[in-house]
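Engineer: Here is the input, now give the coordinates:
(2 chains)
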Amino acid sequence: MAAPLVLVVLAAVTVRAALYRSSLAVFIAERVEVASPLNAWKRAGRGPWWCHTWTQTGACGSIASAGPVRCPCTVSCFYAVVEGLALLDLGVSPYSGAIFHETPLIIYLFHFLIEYAELVFMITDVLTAVALYLAIQDFSKVVFKKQKLLIELDKYAPDVAELIQTPMEMHYIPLKVALFYLLNPYTVMSCVAKSTCAINNSVIAFFILATIKGSAFLSAVFLALATYQSLYPLTLFAPALLYLLQRQFIPIKLKSKSFWLYTMQYASLYLCSLVVIICLSFFLLNSWDFIPSVYGFILSVPDLTPNIGLFWYFFAEMFEHFSLFFVCVFQINVFFYTIPLAIKLKEHPMFFMFVQLAIISIFKSYPTVGDIALYMAFLPVWSHLYRFLRNIFILSCVLIFCSFLFPVLWHLWIYAGSANSNFYYAITLTFNIGQILLISDYFYAFLRREYYLTHGLHLTRQDGTEAMLTCSPRSC
Amino acid sequence: DQAEQFFRSGHTNNWAVLVCTSRFWFNYRHVANTLSVYRSVKRLGIPDSHIVLMLADDMACNPRNPKPATVFSHKNMELNVYGDDVEVDYRSYEVTVENFLRVLTGRIPPSTPRSKRLLSDDRSNILIYMTGHGGNGFLKFQDSEEITNVELADAFEQMWQKRRYNELLFIIDTCQGASMYERFYSPNIMALASSQVGEDSLSHQPDLGIGVHLMDRYTFYVLEFLEEIHPASQTNMNDLVCPKSLCVSTPGHRTDLFQRDPQNVLITDFFGSVRKVEITTEALSLDRDVAGCESKFLEEELATEPLKYAEQLPVAQIIHQKPKQKDWHPPGGFILGLWALIIMVFFKTYGIKHMKHVF
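Structural biologist: Numbering: from 1, shown residues only, chains lettered A, B, ... in the order given. Okay, the predicted model is just below:
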């Protein structure tokens, strides 16, 4: 399986290299959907010599040679990286401006690699894809083993033969996952825009690989790194814990001592590595400036540049008096689904991981298309659910249409002046609704398949007539 | 006494900013108001280069005007205030709050022509006349925006701080006009308004031939008054009063910010451009002190260096290379700590047995 993977990797690298050299690179780098305040490239790196003349207010406009440049990016765009390092060269803390919101480890990484930025991002994407490939390969084996075990234990109903996954169809899933990630237009755009979201994705991919391989220590370390960079992967603690418990054959009962012991071990590994990384970042600049600048920024959402998320419009029109309350409500929304999903999906931690990733990328404060690309890479793993998906055609149409309408309405709003922010927000809303419906559709399909597996495909009521599995209005 | 009169007002030039904030045919009277004041001001000596006239200018050539190319201000079409030599500086949609404030404060883009600028200095007396539709605290500009009394007061304060006027006469002819001068806080401003807060300013008379009201009462009587003034007249501001029987509304005035007594303020100080020129045939005797100052001045002059322009281009500084900036490097401790951690993680995961292969 290595050869097709290498081929896919080569194709992806070629596409990215071609786009870097083309004039689209600048255009894509400016798009708000791709570059958010948290992962702006120009804000982290040290640019060419004329960057030194920037002031603290950040004259992003001087960098691009093509056309009028506005700096729409806030969290994850390259502009921020370049500016941060330029500020450092001027002897000023990069967090003193309001643009740079990267963690110190990113500063360290790009300090040495700024000239090879494009290469770095391409290699990051390739690493993510390879990590996902290996992870899903292992996961497929685990799924197959578990399926075999359950068949032998007669846990499945007799007539579900067509629902069982066969090795034949599972053979190409890892390759498809790598393909989905590398050649997804969202990933390509994110890489060309040099959004540090790629690095975030890579860390999460390695975390998933470590979890599936069963190494609690590595998985805790990578999760700590992911949480350190953007706060939200904290919620991935639960699915990783569930997976590791399952792997160790520890039953998930609240009263069981071994459960709590393992949980404590994993949690302490995670927290210790997080504390170590934060303390280490202190030593980079000898100041704690980065904590309000990075985490305070993520949590309090001060920057309301439009992006594909749900926060900006709401907070742009809100009175100061209520903003704290609503910030709390919105942030809790991200973390809120973890416990209910953990209770429902405790037998299926990888699906839980997928749903959690999707929830993070929809509800986080500054989402970009790079986050979407990551959870979309997992869709081939559940391609066997296709027959149970109900709205897949409409949803894929919605997602594709909205992706095309984003730049159109942005142009109409900002340049032509004939639309306003409502238009753009409408598309944002529709896009997010599409994503949410996609996830809930997959969720429903997954649960339905599980039900059929245990109760048989041809459901009968008590008196023998055929029954239909519908969902009650409450659960769908 | 003559010298005292000579120094009565400290101004050396006069400017006028005349603003009509309405457009459309039924607001004919506002344009006529403004043009009447323009005519008087020009007649009394202020040249077009010192007048900033802001009009919607859609009356003279309006299709509903039975007498095209004219704007009349008296009944029976006695007085055509449009004439042949009207120079409108801001016309039609250029009459906006932004442009008005930019003219006043001088914050004008460099491409603006001279005729659109208020190039006053600290020895200028400025007449500002505004007319249109107003309310309590605001004045409506062309049906789409308004200027508030606070904005106006702040603009005048900016003018004061930038020394853009010596004295300022502000006349406003709108409904509830007195509210517009309530917020002034800069010195040397005298304000006149056509009506108090809560009152409406009324228009004078309709003309059945043209079909609209031709002028507002207050400005009509001001115009009648000004027609009697000539550049050498000694009439003062206390005479510029419109009795209630004629104006129906109660005109207001504000003189508390003005440092001179209105009794001593000539009409021509603001409405005309009267140069302070006195021709005398007698020799003036200077004081002994003045002579002493003069000789001291001569001595100092010899001692000081010849004056030259300040250095505008510090060429020497530019030519010098900027000192090379030291690049920032991460501290050694950080790098050490980071790599130590990475190596520890590696070995913890993959076992110590690899150590012996490394060493």
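
Engineer: can you pull out the helices in chain B?
Structural biologist: Ranges of helices within chain B are B:2-6, B:28-43, B:97-105, B:149-161, B:217-227, B:244-247, B:268-271, B:288-303, B:315-319, B:332-350, B:355-358, based on DSSP state H.

Engineer: Of all these, which one is nearest A:Leu225?
Structural biologist: helix B:332-350 (10.4 Å; CB to CB). Bear in mind the C-beta positions are built from the backbone N, C-alpha and C, glycine included.

Engineer: closest one to A:Ser281 among the helices of chain B?
Structural biologist: Closest among the helices of chain B, using CB to CB: helix B:332-350, at 8.3 Å.

Engineer: Now do that closest one: which elements does it pack against?
Structural biologist: Applying 3 or more CB pairs under 8 Å, 6 or more residues apart in numbering or on different chains; DSSP states H and E, one finds that helix B:332-350 contacts helix A:104-113, helix A:216-229, helix A:257-285.

Engineer: that older thread, now the helices of chain B as CSV including mean neighbour count?
Structural biologist: Shown next, in CSV, are the helices of chain B (neighbours: other CB atoms under 10 Å in any protein chain shown):
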stretch, mean neighbour count
helix B:2-6, 9
helix B:28-43, 26
helix B:97-105, 19
helix B:149-161, 18
helix B:217-227, 22
helix B:244-247, 12
helix B:268-271, 26
helix B:288-303, 9
helix B:315-319, 8
helix B:332-350, 13
helix B:355-358, 8
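
Engineer: Now whatever residue of the stretch 251-359 of chain B ends up closest to chain A: closest residue in space, sequence neighbours ignored.
Structural biologist: At 4.1 Å from chain A, B:Trp328 is the closest residue in the stretch 251-359 of chain B, using CB to the nearest CB. Nearest residue to B:Trp328 in three dimensions, chain neighbours excluded: A:Leu88, at 4.1 Å (CB to CB, 6 or more residues apart in numbering or on different chains).

Engineer: same thing with B:Arg254?
Structural biologist: Nearest to B:Arg254 is B:Ala191, by CB to CB, 6+ apart, at 4.2 Å.

Engineer: what mean pLDDT does stretch B:169-185 have?
Structural biologist: The average pLDDT within stretch B:169-185 is 89.

Engineer: buried stuff in it?
Structural biologist: Within stretch B:169-185, the residues that count as buried by 16 or more other CB atoms under 10 Å in any protein chain shown are B:169-182, B:184.

Engineer: Which one of the residues you listed is nearest to B:Lys140?
Structural biologist: Nearest to B:Lys140 among the buried residues of stretch B:169-185, with distances taken as CB to CB, is B:Thr174, at 8.4 Å.

Engineer: give the contact list for that closest one.
Structural biologist: By CB atoms under 8 Å, 6 or more residues apart in numbering or on different chains, the residues touching B:Thr174 are B:130-134, B:139, B:180, B:194-195, B:201.

Engineer: Reformat these as CSV; add distance to chain A.
Structural biologist: What follows is those, written out as CSV (distance: CB to the nearest CB, whole Å):
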residue, distance to chain A
B:Met130, 31
B:Thr131, 33
B:Gly132, 29
B:His133, 29
B:Gly134, 31
B:Leu139, 28
B:Met180, 31
B:Ser194, 40
B:Ser195, 38
B:Ser201, 38
